[in-house]
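> A predicted structure for the sequence below; I have some questions about it.
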Amino acid sequence: MMRVTVNGRCVADVNEDGGTLAGLLGGLRARGEIAGDEVVVGLEVNSSPCAARDLDALADVALGESSEVAIATDDLPGYGRRILADARSMRCVLEEAAERLPAEFRSRELRKANAGLFNLLNALESFILCLSHVRNTCAASCGPSESWQRIMAQVSESLDAIQDSQQAKDWMSLAGHLELKLLPALRGFEPVVKDMSDAIS
């Protein structure tokens with residue numbers, strides 16, 4: 001028999017919801033134990049926490065002999081606000097990296113600079129995924145769709161220029177693209193995040 005809690009509240013000792021996490025969540029939603037406008041933000045199986053970012057991938061995981069599943073949920077606005085708070089912190093880190101890296105490339109600290117660029121690009125991808133997720137999940141716009149398209153086009157253009165310079169090993173040009181293309185694009189996200197936050201408040 002599996003014990004299931006939602007936000008610390010014991011909801012059932014269930015076996016009838018199928019053998020996967022998706023089946024369990026579907027059953028809980030069908031019985032109203034998790035409201036339709038709530039998002040699962042945390043999960044523990046037998047006291048082992050699963051990262052929130054992994055929940056989609058865990059949908060088909062067999063619960064098997066699990067004895068306890070603890071689920072944490074939040075409403076869509078709260079969920080969106082938490083992600084946007086993380087996104088604001090990420091944007092500050094991205095800007096700091098984009099400000100620092102040009103000097104490293106110009107001084108030919110190439111190993112350090114390229115490692116920093118790799119980390120910057122990975123973090124930028126995560127940042128954009130966070131914003132896209134809030135837009136799609138919470139129906140939070142960032143103003144007219146042209147605004148989103150414009151800033152994403154600016155980011156794409158800057159990344160293409162950086163990639164071309166990196167492949168050509170033109171470090172001076174790469175430094176310039178970081179300063180003159182990518183950094184302004186990152187700063188352009190500030191009103192986007194604000195508008196999204198306002199939309200779900």
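Good, I have the coordinates.

> Pick out the residue closest to the middle of this protein.
What sits nearest the mean C-alpha location of the chain, by Cα atoms, centre = their mean, is residue 130, with 3.0 Å.

> Counting residues, which helix of the chain comes out longest?
helix 76-106 (DSSP state H).

> so how far is it off the chain centroid?
Relative to the centre of its chain, helix 76-106 is centred 11 Å away, using Cα atoms, centre = their mean, to the nearest Å.

> doesn't residue 82 make contact with the residue nearest to the centre of the chain?
No. Using Cβ atoms under 8 Å, residue 130 is not in contact with residue 82; the gap is 10.4 Å. (Each C-beta comes from the backbone N, C-alpha and C, glycine too.)

> which stretches of the chain form helices?
Using DSSP H, helices in the chain cover 21-30, 76-106, 110-137, 145-167, 171-177, 183-200.

> And the second one, what's buried?
Of the residues in helix 76-106, those with enough neighbours to count as buried (16 or more other Cβ atoms under 10 Å) are 76, 79-81, 83-84, 87, 90-91, 94-95, 97-98, 101-102, 104-105.

> can you list the domain ranges for this structure.
With automatic domain parsing as the criterion, the domains of the chain are listed as 2-75, 78-200.

> deepest of those, which one?
With neighbours defined as mean count of other Cβ atoms under 10 Å, the domains of the chain peak in mean count at domain 78-200, which reaches a mean of 16.
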